[in-house]
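Participant: Mind folding the following:
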Amino acid sequence: MPRTILLVVLLLLGSIAAANATISAPAPVRVGIAGLTHAHVHVLLGRAQRGDVTIVGIAEPNRDLAQRITKQYGLSMKLVYPTLEEMLVKTKPQAVTAFNSIYDHLAVVQACAPRGVHVMVEKPLAVSVDHARQMAALANKHHIHLLTNYETSWYGTNHRAYELVTQQKTIGDIRKMVVHDGHQGPKAINVNPEFLEWLTDPVQNGGGALIDFGCYGADLMTWLMQGQRPQSVTAVTQHLQPQVYPRVDDEATIVVTYPHAQGIIQASWNWPYSRKDIEIYGQTGAVFALDSRQLRVRPTEKAAPQELTIAAPKAPYDEPFAYLAAVVRGDIQEDKLSSLDANLIVVEILDAARQSAKEGKTIFLSK
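Facilitator: A predicted model of the protein is given here:
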């Protein structure tokens, strides 16, 4: 083939490939942000390069905070609106991510659901069972996705542990689960003041460490127990740093019981270091997810523990906003860890734990 013709053919093939790539690439999902006070908003703002979502508007009444954050990420203040309603009307997002107080999650769903706008909130779903049920009713009525984001949902170790325990039955039926979550405390790790203000407010957050970190264990246990509601919840909370957190607990232990298993959630703002790990004990052995990458498996008493390094899940299950975009586009089904059904149970566990700690007695959940 003459050189000139070959070059023309190659150019044509390249143009066709580029055109096909353009056609096949899905349009970014239009996402609005409700609030900037929650520090987890930086995860969304720092991932623009993935191209699967585009931020079309931000609802934040604190203009100083908005200016600080938009400047940090090179965003225009034209994206910022003083109210969620105005942002929804003027930017028409397909989904909204809530980075405000837990108490305000209900208001976000009240504004978004009637407009058919999907919602992802930061954990936990709601500040109380009453709020959670109102949110669920709105989501179901208006046929929107209402998702809850947990950092631990994107740990490859948790998914591998789930596979070993519930599908391969590597250790027999689950008998006990122990979850440790938390860090040195929000003050000690120097969260931004706007976050600290509501995180340590018993109304806006619903509690302290019990809510902030107890929700992780409740979510993982509900998932491992195939969506079962516990029979009972017993909790003890303490103020080990009353001078720092005078209005909310900083230490919580929650015991949840199932017909044939028990779960222990240890949520704390007093750990000497950050941790999010789970121990799962079965009839014959145990599986420990030590962090996002390290897994320890001991299938029987006589077996030597196996130390495994687990890769991150494949996209879009590797982080929350790729997942949100895929769900909104209809590319994938909702994962149970973030689902509304599971997170209604999570809030029920947290509500019962709060009541148990306050009244000093076990709370039995109605059937």
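Participant: Count the residues that sit near the closest residue to Leu84 other than its chain neighbours.
Facilitator: Distances taken as C-beta to C-beta, 6 or more residues apart in numbering place Ala59 nearest to Leu84, at 4.1 Å, with adjacent residues excluded. From N, CA and C alone the C-beta is placed, and that goes for glycine too. As a burial measure, Ala59 scores 27 neighbours (other C-beta atoms under 10 Å).
Participant: From Gln241, how far out is Ala59?
Facilitator: Going from Ala59 to Gln241 by C-beta to C-beta, to the nearest Å gives 33 Å.
Participant: contacts for the helix or strand harbouring Arg296?
Facilitator: If you go by DSSP states H and E, Arg296 is part of strand 294-298. Under the contact criterion C-beta atoms under 8 Å, 6 or more residues apart in numbering, strand 294-298 has outside partners 157, 160-161, 164, 170, 285-290, 304-310.
Participant: Point out the ones among those residues that are inside helices.
Facilitator: Among the contacts of strand 294-298, DSSP state H puts 157, 160-161 in helices.
Participant: ok so, going back, quick one: buried residues of the strand holding Arg296?
Facilitator: 295-298 (16 or more other C-beta atoms under 10 Å).
Participant: average model confidence for that strand?
Facilitator: The pLDDT scores in strand 294-298 average 98.
Participant: so how far is that strand off the chain centroid?
Facilitator: Strand 294-298 sits 23 Å away from the centroid of its parent chain (C-alpha atoms, centre = their mean, to the nearest Å).
Participant: Is Arg133 in contact with Leu344, as I believe?
Facilitator: Yes: using C-beta atoms under 8 Å, Arg133 makes contact with Leu344 at a distance of 7.4 Å.
Participant: how about low-confidence regions in this protein?
Facilitator: 1-25 (pLDDT under 70).
Participant: ok, which stretches of it are helices?
Facilitator: 3-24, 41-45, 63-73, 84-91, 105-112, 129-142, 156-162, 193-199, 209-224, 320-329, 340-359.
Participant: just those: most buried one?
Facilitator: Among those, the stretch with the highest mean neighbour count (mean count of other C-beta atoms under 10 Å) is helix 209-224, at a mean of 26.
Participant: who does that helix touch, helix- and strand-wise?
Facilitator: helix 156-162, strand 174-182, strand 232-238, strand 251-258, strand 261-268, strand 275-282, helix 340-359 (3 or more C-beta pairs under 8 Å, 6 or more residues apart in numbering; DSSP states H and E).
Participant: Can you give the contact residues for the first one?
Facilitator: Pointing back at helix 156-162 there. So helix 156-162 is contacted by 152, 220, 223-224, 278, 280, 287, 289-295, 308, 310-313, 317 (C-beta under 8 Å, 6+ apart).
Participant: Can you flag the buried ones in those residues?
Facilitator: Buried subset of these (neighbour count, 16+ other C-beta under 10 Å): 152, 220, 223-224, 278, 280, 287, 289-290, 292, 295, 310, 313, 317.
Participant: Now tabulate these in a markdown table and tack on distance to Gly360.
Facilitator: Listed next are the buried ones among the contacts of helix 156-162 as a markdown table, based on distance: C-beta to C-beta, whole Å:
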| residue | distance to Gly360 |
| --- | --- |
| Thr152 | 30 |
| Leu220 | 27 |
| Trp223 | 29 |
| Leu224 | 28 |
| Ile278 | 27 |
| Ile280 | 29 |
| Val287 | 34 |
| Ala289 | 32 |
| Leu290 | 34 |
| Ser292 | 36 |
| Leu295 | 38 |
| Ile310 | 41 |
| Pro313 | 41 |
| Tyr317 | 41 |
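Participant: was I right about His239 contacting Trp269?
Facilitator: No: taking C-beta under 8 Å as the definition, His239 is not a contact partner of Trp269, at 10.3 Å.
Participant: what is the residue nearest to Leu84 paired to in the beta sheet?
Facilitator: Ala34, Tyr81 (DSSP bridges).
Participant: would CSV of the helices of the chain with distance to His183 be doable?
Facilitator: Below are the helices of the chain laid out as CSV (distance: least, C-beta to C-beta, whole Å):
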stretch, distance to His183
helix 3-24, 42
helix 41-45, 16
helix 63-73, 22
helix 84-91, 30
helix 105-112, 23
helix 129-142, 26
helix 156-162, 18
helix 193-199, 12
helix 209-224, 8
helix 320-329, 20
helix 340-359, 19
